[in-house]
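J.: no FASTA, just this:
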């Protein structure tokens with residue numbers, strides 16, 4: 001088993017690097033070894049060389065040279081809570097990284113099962129931010145940490161407000177994660193994985209509920225993407241074009257995405273190998289492809305040609321599983337062995 005490593009391309013995937021050794025690795029003295037890479041996160045718009053990786057066992061790595069070299073963020077790895085984090089069903093993973101677009105010293109990460117952590121000093125120290133988030137599998141229902149958070153999201157126009165999809169629980173914070181309030185009224189289940197912010201509307205969030213932790217499929221076989229347009233005050237179900245009978249699907253945490261058009265295109269993939277898309281923000285849906293292996297991640301992008309965006313194409317040409325950008329290398333994950 002050679003383990004997990006990153007490959008990169010500077011020409012939109014025509015040619016890829018072939019590293020001789022993994023550049024993301026734990027220090028020898030830590031006694032840990034990299035099991036998998038779960039998240040690759042670009043830096044802020046004014047930090048084109050910055051990249052972050054969330055890995056298993058749960059840890060955060062950062063690169064300041066466009067992925068050529070990586071270092072372990074020791075402030076989080078050495079946190080006193082870390083020895084008491086417990087693996088979720090998928091392992092002990094750091095799966096979500098959210099740099100605050102308004103403050104270069106602030107960042108959020110989500111760990112399963114550890115909860116949400118925030119730094120205010122560029123990673124030197126971290127604090128758990130889980131007040132109000134319930135844990136169903138521990139004797140203490142509202143602990144300081146130990147929550148199995150599945151996804152967190154924020155919008156760059158209102159970075160003080162966050163949304164959270166938990167292992168049982170759907171929440172919003174209006175104070176940078178200091179406290180969370182339940183917004184699950186109106187959905188058939190508050191269990192799920194995927195959560196997506198609308199690219200232009202800070203009040204609009206998309207989720208795909210799953211029936212339960214024991215039956216991880218869409219409730220009653222209805223494939224529905226739920227949407228709130230008032231920050232969780234209420235939820236609606238624009239499901240035209242999605243199967244509503246016998247559609248026992250699962251959408252994982254990184255398999256729900258959008259492009260930056262106006263109106264925005266929304267896309268998601270399922271564990272049964274189907275990809276669906278909507279070119280009108282979820283009002284109407286279309287199945288784009290089926291017969292794939294289980295879809296773990298969906299990414300979409302708008303390519304700019306000579307400074308001008310291309311015209312909005314049809315759904316089949318808009319779908320992309322790779323984030324295309326002119327300002328950084330493209331990275332992929334691969335396990336070999």
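T.: Sure thing, it's come through. These numbers were taken from a predicted model, which means no experiment stands behind them.
J.: how about the helices of the stretch 201-337 of the chain, start to end?
T.: 315-318 (DSSP state H, counting those that start in this stretch).
J.: all strands of it, in order?
T.: 205-210, 226-228, 256-258, 266-269, 275-278, 286-289, 304-305, 308-309, 330-336 (DSSP state E, counting those that start in this stretch).
J.: what sits up against the third one?
T.: In other words, strand 256-258. 194-196, 198-199, 206, 208, 225, 264-268, 298-300 (CB atoms under 8 Å, 6 or more residues apart in numbering). (Each C-beta comes from the backbone N, C-alpha and C, glycine too.)
J.: ditto for the fourth one
T.: Here strand 266-269 makes contact (CB under 8 Å, 6+ apart) with 194, 196, 206, 208, 225, 251, 255-259, 275-278, 281-282, 288, 292, 295-298, 300, 318-319.
J.: same thing with the second one?
T.: The contact list for strand 226-228 (CB under 8 Å, 6+ apart) reads 183, 187, 203-209, 234-238, 282.
J.: which of those are buried?
T.: Among those, those classed as buried by 16 or more other CB atoms under 10 Å are 183, 187, 204-209, 235, 237-238, 282.
J.: where's the dip in pLDDT among these?
T.: Across those, no position has a lower pLDDT than residue 238, which has 84.
J.: for it, what are its contacts?
T.: Residue 238 sits in contact with 225, 227, 278, 282-284, where contact means CB under 8 Å, 6+ apart.
J.: and the residues you listed, which two are the farthest apart?
T.: 227 and 284 (13.0 Å; CB to CB).
J.: higher neighbour count, those two?
T.: Just comparing residue 227 and residue 284: by other CB atoms under 10 Å the higher neighbour count belongs to residue 227, 20 against 14.
J.: For the more buried one, give the beta-bridge partners.
T.: Partner residues in beta bridges with residue 227: residue 206, residue 236, with DSSP bridges as the criterion.
J.: same deal with residue 117?
T.: Taking DSSP bridges, one obtains residue 109, residue 128 as the residues bridged to residue 117.
J.: And it, how far from residue 224?
T.: With the distance defined as CB to CB, to the nearest Å, residue 117 ends up 32 Å from residue 224.
J.: And these two? Which one has more around it.
T.: In terms of neighbours (other CB under 10 Å), residue 117 is the more surrounded of residue 117 and residue 224; the figures are 26 against 22.
J.: Could you verify my assumption that the more buried one touches residue 123?
T.: No. Checked against CB atoms under 8 Å, the pair residue 117 and residue 123 is beyond contact range at 10.3 Å.
J.: Now list whatever residues contact both of the two.
T.: For the pair residue 117 and residue 123, residues contacting each of them under the criterion CB under 8 Å, 6+ apart are residue 76.
J.: got a list of what residue 17 touches?
T.: When contacts are counted by CB under 8 Å, 6+ apart, residue 17 is found next to 7-9.
J.: Any chance of those residues in a markdown table with distance to residue 28 as columns?
T.: As requested, the contacts of residue 17 are arranged in a markdown table below (distance: CB to CB, whole Å):
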| residue | distance to residue 28 |
| --- | --- |
| 7 | 24 |
| 8 | 25 |
| 9 | 30 |
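J.: And the longest strand belonging to the chain, what does it pack against?
T.: Criterion DSSP state E: the longest strand present in the chain is strand 158-166. In this structure, strand 158-166 packs against strand 149-155, strand 169-173, strand 191-197, with contacts taken as 3 or more CB pairs under 8 Å, 6 or more residues apart in numbering; DSSP states H and E.
J.: Direction included, what does the first one pair up with?
T.: In other words, strand 149-155. With DSSP bridges as the criterion, the sheet partners recorded for strand 149-155 are strand 158-166 (antiparallel).
J.: In the strand it pairs with, which of the residues would be classed as buried?
T.: 159, 161-166.
J.: repeat for stretch 237-245
T.: For stretch 237-245, the neighbour count (16+ other CB under 10 Å) marks 237-239, 242-243 as buried.
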